[in-house]
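Participant: The sequence and its predicted three-dimensional model are supplied below.
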Amino acid sequence: MKKIYLVLVLCGLVSIALNAVNNRKKTVSPNLNPNFLISGEVKGVNQGVIYLGYRENAIDKKDSAIIAGGKFSFKGKVIEPVYAFLSTRNRKVFVGFFLENKKVTILVDSLGKSNVKGSPVTDIYTEWINKWDVVRQKAGGIYKRMDEEYKKEGQDPHSRTAKLSDTARKAFDEEFKALGVESDSTVFPTVRKYPNSVASAFIIVDRYVSWHDVSNAQKMYNYLTTEIKKSGYGIQIKNFIDTDAKVSIGKAASDFTMNDTTGHPVKLSGFKGKYVLLDFWASWCGPCRKENPNVVNAYKKFHDKGFEIVQVSLDTKRAAWIGAIQKDGLNWIHLSDLKGWQNDAVVLYGIKAVPTNFLIDKDGKIIARDLREEKLQETLSGIFK
């Protein structure tokens, strides 16, 4: 269950609208229409407030407008086309589109469906998203049948300890594998058709960078034009590829120092001489919590043989972090700077989704990553024979 499985199961995808965009200043060439002007209308909503959000130069940008007689407007300026969203507070209206310095009209019908006109980048993105939605709906159907299978086997699909039989899981794995191929078949043609569009770079970020698919990210990045490689999303793809190369299997684990639950600084390199599972997680991450019992079992089996676990939390609230440690019985080293996705170690290791882990050998070298379920137990059993 690789790429498609991750879409709904992993906790890594923070809204692309808020996280996947340029982290540098950029000079733009003169534009005949240097500002954006959004004219919108929401059928069935005569009054209220609508919000515009996007991220530029690593800063969240937010604005709001009054809906009067069903109509609203925004104006401003962006450095380059950037993914943005319009939303009402109750999210009955949610429109994802590309904000660019043009006159754009956005119409939202009574069912919440939108029509964006005047944004060429959005046109390309919409062409792709219509194909991707077919894949996403198929994935949803598979998950629904998985839940039914859990129930047939007498398990609660939402339980952290629920586990499908090998036969059932293998069948679902094959379905997700086929769906992964179908997902790629929506991305590859789009990037090849529009290599000079920011939309293509954004799609690569959405589908591959966010789910740590280095191979496909690199493959599709090579199709982008030089101009788009210099865009915010293009730079993000390149940074992702470069960061992954530094923490790939066979490389020395990047060292860092971070405080534990008592405020004591702990250095990763201080564990040389032991096999270390560097595990990134968070209290709010369901799949992380579901995997924790498996990690607990591994610790109990192999700790006395030279196995250590260092868990780095992406939490921002200390109480939630400590509470999850206690509730799940995680009796090993825990580190966090409570900076969420901006956690220093998370940035250093290029973490895009949790759970993510790295197995580090006695010499401080990365020898495996993303070991979960039986794979974790099998790998450790092979090491500690």
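Facilitator: Perfect, I can see it now.
Participant: pLDDT score for the residue of the chain most remote from its centre?
Facilitator: For the chain, the largest distance from the centre (Cα atoms, centre = their mean) belongs to Gly69, which lies 37.6 Å off. Here, the pLDDT recorded for Gly69 equals 94.
Participant: so what's Asp123 up against?
Facilitator: For Asp123, no contacting residues are found, by Cβ atoms under 8 Å, 6 or more residues apart in numbering. C-beta coordinates here come from the backbone N, C-alpha and C atoms, glycine included.
Participant: ok, it to Glu175 distance?
Facilitator: 32 Å (Cβ to Cβ, to the nearest Å).
Participant: Over to Asp370?
Facilitator: From Asp370 across to Glu175, the span is 20 Å (Cβ to Cβ).
Participant: Which of these two has more residues huddled nearby?
Facilitator: Glu175 (18 against 13; other Cβ atoms under 10 Å).
Participant: Isn't that one up against Ala139?
Facilitator: No - using Cβ atoms under 8 Å, Glu175 is not in contact with Ala139, being 9.1 Å away.
Participant: which stretch of helix or strand covers Ala178?
Facilitator: helix 166-193 (DSSP states H and E).
Participant: helix/strand/coil for Asp363?
Facilitator: Under DSSP: H, G, I helix; E, B strand; the rest coil, Asp363 falls in the coil class.
Participant: And it, how close does it get to Leu376?
Facilitator: In terms of Cβ to Cβ, Asp363 sits 20 Å off from Leu376.
Participant: Who has more neighbours out of the two?
Facilitator: Between Asp363 and Leu376, counting by other Cβ under 10 Å, Leu376 is the more crowded of the two (21 against 10).
Participant: who are the neighbours in contact with the nearest residue to that one once chain neighbours are set aside?
Facilitator: Sequence neighbours aside, Ala298 is the residue nearest to Leu376 in space, at 5.5 Å (criterion: Cβ to Cβ, 6 or more residues apart in numbering). By Cβ under 8 Å, 6+ apart, the residues touching Ala298 are 277, 307, 309, 376-377, 380.
Participant: The helix or strand where Ala298 lies: which residues count as buried?
Facilitator: Secondary structure assignment for Ala298, by DSSP H and E: helix 286-302. Neighbour-count burial for helix 286-302 flags 287-292, 294-296, 298-299, 302 (criterion: 16 or more other Cβ atoms under 10 Å).
Participant: ok, now stretch 340-348?
Facilitator: Result for stretch 340-348 [16+ other Cβ under 10 Å]: buried residues 340-341, 343, 345-346, 348.
Participant: again with stretch 39-52
Facilitator: For stretch 39-52, the neighbour count (16+ other Cβ under 10 Å) marks 39-42, 45, 48, 50, 52 as buried.
Participant: Check the residues you listed against Val95 and report the nearest one.
Facilitator: Minimum distance to Val95 across the buried residues of stretch 39-52 is 8.4 Å, recorded for Gly40 (Cβ to Cβ).
Participant: Identify all contacting residues around stretch 335-347.
Facilitator: Counting by Cβ under 8 Å, 6+ apart, residues outside stretch 335-347 touching it are 14, 19, 256, 258-260, 266, 280, 310-318, 321, 351.
Participant: Filter the residues you listed down to the buried ones and hand me the PyMOL line.
Facilitator: Selecting the buried subset of these in PyMOL, with 16+ other Cβ under 10 Å as the burial test, is done by:
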select buried, resi 19+256+258+266+280+310+311+312+313+314+315+316+321+351
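Participant: In strands, which of the contacts of stretch 335-347 appear?
Facilitator: When the contacts of stretch 335-347 are checked against strands (DSSP state E), the matches are 258-259, 266, 280, 310-313.
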